[in-house]
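>>> give me a 3D structure for the following:
(one chain, ligands or ions: 1)
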Amino acid sequence: MTVPSLQFNDGHAIPQLGFGVYRVDPAETERIVTDALEVGYRHIDTAALYGNEEGVGRAIANSGIPRDELFITTKLWNTDQGADATRAAFASSLEKLGLDRVDLYLIHWPAPARDLFVETWRTFEEFRDAGTATSIGVSNFRPQDLDRLAAETDTVPAINQIELHPFFIQQGLRDYDAAHGILTESWGPLGHAVADVLGSGPLAEIAEAHGVGPAQVVIRWHLQHGLVVIPKSNNRDRMAQNFDVFGFELTDDEMARIDGLDTGTRSGADPDTLN
Ligand code: NDP
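Have a look, this model is predicted:
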């Protein structure tokens, strides 16, 4: 199965479906990412915060999969913002991953009270210029943060990774991203293990109509909206289910019914206050 790619504003591309490893136990990460690679995922989303970059790195190294067939994302944690700390943190992430470059490096949160994300972004531009981060992007950025990057730096982020699922569809921020040439990537795409998205009314009915499970319907909803999506599972059968989403298509009416589940309520942290 070839996963479609979406084009970044920098000329590079990202596989639209990846595998997330938030809250994957570092001791289990090598096995779980190995399972994911065997299932067929080629795009892995980790972060310094998750404490499992080494496990991701070991799984990559042992897989025998050529580096250019993989797409690896990691993220800079808030306490490492600022030029010098960012350089040290990036070197540490590369070392833990056992890589000489990542495909995508993200500022994990704007952390507005620190007021360091503009300086941090200029340091990200150095990594992009040096080729150690092929593409650079942000996560959890609000329009006002993106406006500051546009006003004060030379690079528009390739992507903005944000909480996004049927209970929190983020239409306003998606529209902002699209208008500025920024892809949107959905974190917590199945509900972040908090919101009972998969158990909600219309999903079971829509899933039954297509002979698939509710998680497959939700992943399909992200894909058909042009979002990059990175579901997490510790379970190989569910990983495989979540990857088996290219054999059916939701109708416009089904897409609209899922859009209608929006409550406007987050399941995770708020970028206004997380620092
Ligand atoms: P998800 O929305 O991917 O949900 C994961 C939960 O859904 C787990 O409890 C998992 O359980 C369960 N699940 C997975 N597949 C199925 C299925 N087919 N049927 C039923 N249940 C299923 O949550 P995450 O918060 O992990 O988000 C995905 C990724 O996004 C993260 O791993 C991380 O990479 C990224 N992320 C980024 C953030 C950021 O600030 N930038 C914040 C949070 C996440 P089980 O494992 O038992 O299958």
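>>> list the contacts for the one residue in the stretch 1-150 of the chain that gets nearest to the ligand?
Residue of the stretch 1-150 of the chain nearest the ligand, by C-beta to the nearest ligand atom: residue 20 (2.4 Å). Every residue, glycine included, has its C-beta placed from N, CA and C. Residue 20 makes contact with 45, 187, 230-232, according to C-beta atoms under 8 Å, 6 or more residues apart in numbering.
>>> of the residues you listed, which belong to helices?
Among the contacts of residue 20, DSSP state H puts none in helices.
>>> how about the residues you listed in a markdown table, adding pLDDT?
As requested, the contacts of residue 20 are exported to a markdown table (pLDDT from 0 to 100):
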| residue | pLDDT |
| --- | --- |
| 45 | 98 |
| 187 | 98 |
| 230 | 98 |
| 231 | 98 |
| 232 | 98 |
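>>> got a ChimeraX select line for the buried ones in these?
To isolate the buried ones among the contacts of residue 20 in ChimeraX, judged by 16 or more other C-beta atoms under 10 Å, type:
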select :45,187,230,231,232
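>>> tell me where the stretch 101-250 of the chain has strands.
Ranges of strands within the stretch 101-250 of the chain are 102-107, 133-139, 159-163, 183-187, 228-229, based on DSSP state E, counting those that start in this stretch.
>>> residue 263 is nearest to which of those strands?
Residue 263 lies closest to strand 159-163 among the strands of the stretch 101-250 of the chain, at 12.5 Å (C-beta to C-beta).
>>> for the residue of the chain most remote from its centre, which non-adjacent residue is spatially closest?
Going by C-alpha atoms, centre = their mean, the residue of the chain most distant from its centre is residue 209, 28.7 Å out. Counting by C-beta to C-beta, 6 or more residues apart in numbering, residue 209 lies nearest to residue 254, which is 7.9 Å off, once chain neighbours are set aside.
>>> who does the helix or strand hosting the one you found touch, helix- and strand-wise?
Per DSSP states H and E: residue 254 is located in helix 252-259. Applying 3 or more C-beta pairs under 8 Å, 6 or more residues apart in numbering; DSSP states H and E, we find helix 252-259 packed against helix 201-210, helix 214-224.
>>> which among those helices is found nearest to the ligand?
Across the helices and strands packed on helix 252-259, the ligand has its closest neighbour in helix 214-224 (3.3 Å, C-beta to the nearest ligand atom).
>>> hmm, who's touching that closest one?
4, 16-17, 164-166, 186, 189-190, 197-199, 203-204, 206-207, 210, 228-229, 231, 238, 241-242, 244-245, 248-250, 254-255, 258.
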